[in-house]
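J.: only geometry, no sequence info:
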């Protein structure tokens, strides 16, 4: 099956999926095939795998996965078996009888504007790391970038003269431009003045345990850990990197009165249906404001 997996991953690359997405598929298949062992690849066993993912293993002390994670397993297996069937590796697609797991609709965790401001205020400009982290936080919230996109940024991506940030190889492998607000430009200039000398192209440098630059790039996982530490020090709930992206989108829609197409462009969604699916049902504040304005005469 090694060659089939290799063919499948090559197929995903040919679809222009990012390296991160391809790696996700690889890990999903690795997890599934390890669980499967010598069991046959049947519809019943696929259902059993998804059920085991949801319930966990109490005897081994393993908790079950969230519904969204189980749905991710289902998506990966759907793509896998669809590929095997299309390429003639199997005659019958066992996923045809496996329904997609239900995922409860929950409001996306989002950083509120006041939380973003409180976090920034808590990070003093004592060291180059403080200034770096202020730029990371500002870029996450005011540019809506993903943490993997932030980790890949290079200084030349900040086109200050054009007031644009070039986000390279976003989800799906495409580039996009995001407007640069003055607050981001100021934070960038501050960081560039104190950024230690380095041989790497990435803007954000990692540090060793003593606060010295390590001449290696700040990874996406390190950005996550940095936010956990900074939020704790600021007395805030833990805000993961994606919560800043959600926070920007909801602020644009509810407080700033932006439309979905603008949010789609800033976030880099390839289709506006993705933007609508994520955010349309959480527009209570904006809808109420607009409805009250339109119905002012009737309602008074």
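T.: Alright, I've got the coordinates. A quick note: this is a predicted structure, and the numbers were derived from the prediction, not measured.
J.: Could you list every helix and strand in contact with the helix or strand residue 151 falls within?
T.: Here residue 151, judged by DSSP states H and E, is contained in helix 147-152. Under the contact definition 3 or more Cβ pairs under 8 Å, 6 or more residues apart in numbering; DSSP states H and E, helix 147-152 sits against helix 128-143, helix 220-234, helix 241-254. For every residue, glycine as well, the C-beta is placed using N, CA and C.
J.: Of all the ones you listed, which one is nearest residue 18?
T.: helix 220-234 (12.4 Å; Cβ to Cβ).
J.: quick check: mean pLDDT across the closest one?
T.: Helix 220-234 comes out with an average pLDDT of 93.
J.: helices or strands up against it?
T.: With contacts taken as 3+ Cβ pairs under 8 Å, 6+ apart, helix 220-234 sits against helix 113-122, helix 128-143, helix 147-152, helix 241-254.
J.: quick one, it and helix 128-143 angle?
T.: Per axes from the mean of the first three to the mean of the last three Cα atoms, to 10 degrees, the angle that helix 220-234 makes with helix 128-143 is 100 degrees.
J.: which of the residues in the longest helix along the chain are buried?
T.: The single longest helix within the chain, with elements called by DSSP state H, is helix 67-86. Across helix 67-86, burial judged by 16 or more other Cβ atoms under 10 Å covers 70-74, 76-81, 83-85.
J.: And these, which is closest to residue 153?
T.: When the buried residues of helix 67-86 are compared against residue 153 (criterion: Cβ to Cβ), the nearest one is residue 72, at 27.1 Å.
J.: Phi and psi next, for the residue nearest to residue 201 when sequence neighbours are not counted.
T.: Leaving out its chain neighbours, the residue that sits closest to residue 201 by Cβ to Cβ, 6 or more residues apart in numbering is residue 154, at 4.9 Å. For residue 154, the backbone dihedrals (degrees, to the nearest 10) come out as phi -120, psi 160.
J.: Next one: residue 154 from residue 202, what distance?
T.: Remark: distance between residue 154 and residue 202 (Cβ to Cβ, to the nearest Å) = 6 Å.
J.: How about residue 3?
T.: From residue 3 to residue 202 the distance is 35 Å (Cβ to Cβ).
J.: Neighbour count for the two, which is higher?
T.: residue 202 (17 against 8; other Cβ atoms under 10 Å).
J.: list the contacts for the nearest residue to the more buried one once chain neighbours are set aside?
T.: The shortest distance from residue 202 to any non-neighbouring residue, by Cβ to Cβ, 6+ apart, is to residue 217 (3.7 Å). Contacts for residue 217 (Cβ atoms under 8 Å, 6 or more residues apart in numbering) come out as 151, 200, 202, 204-206.
J.: pLDDT value on residue 217, please?
T.: For residue 217, the predicted pLDDT is 92.
J.: beta partners of it?
T.: Listed by DSSP bridges, the beta-bridge partners for residue 217 are residue 205.
J.: Would you point out the helix or strand in this protein whose mean pLDDT is lowest?
T.: Least confident element among the helices and strands of the chain, by mean pLDDT, DSSP states H and E: helix 296-299 (a mean of 48).
J.: can you list the domain ranges for this protein.
T.: 2-97, 113-288 (automatic domain parsing).
J.: Okay, and residue 166 sits in which element?
T.: Using DSSP H and E, residue 166 sits within strand 164-167.
J.: so what strands line up beside that strand?
T.: strand 158-159 (antiparallel), strand 176-179 (antiparallel).
J.: among those strands, which gets the worst mean confidence?
T.: strand 176-179 (a mean of 87).
J.: to the chain's geometric centre, what's the distance from the helix or strand following that strand?
T.: Once strand 176-179 ends, the next helix or strand along the chain (criterion: DSSP H and E) is helix 182-194. Here the centre of helix 182-194 is set off from its chain's centre by 24 Å, with Cα atoms, centre = their mean, to the nearest Å.
J.: Ok, stretch 230-240 next?
T.: For stretch 230-240, the distance to the chain centre is 19 Å (Cα atoms, centre = their mean).
J.: Quick check, the residue nearest to residue 201 in contact with residue 204.
T.: No - contact criterion Cβ atoms under 8 Å: residue 154 and residue 204 do not qualify, at 9.7 Å.
J.: Please say which of the two ends up with more neighbours.
T.: Just comparing residue 154 and residue 204: by other Cβ under 10 Å the higher neighbour count belongs to residue 204, 23 against 14.
J.: pretty sure the more buried one contacts residue 218?
T.: Yes - because the distance of 3.9 Å satisfies Cβ under 8 Å, residue 204 is recorded as touching residue 218.
J.: so what's in contact with these two at the same time?
T.: Common contacts of residue 204 and residue 218 (Cβ under 8 Å, 6+ apart): 132, 136, 151.
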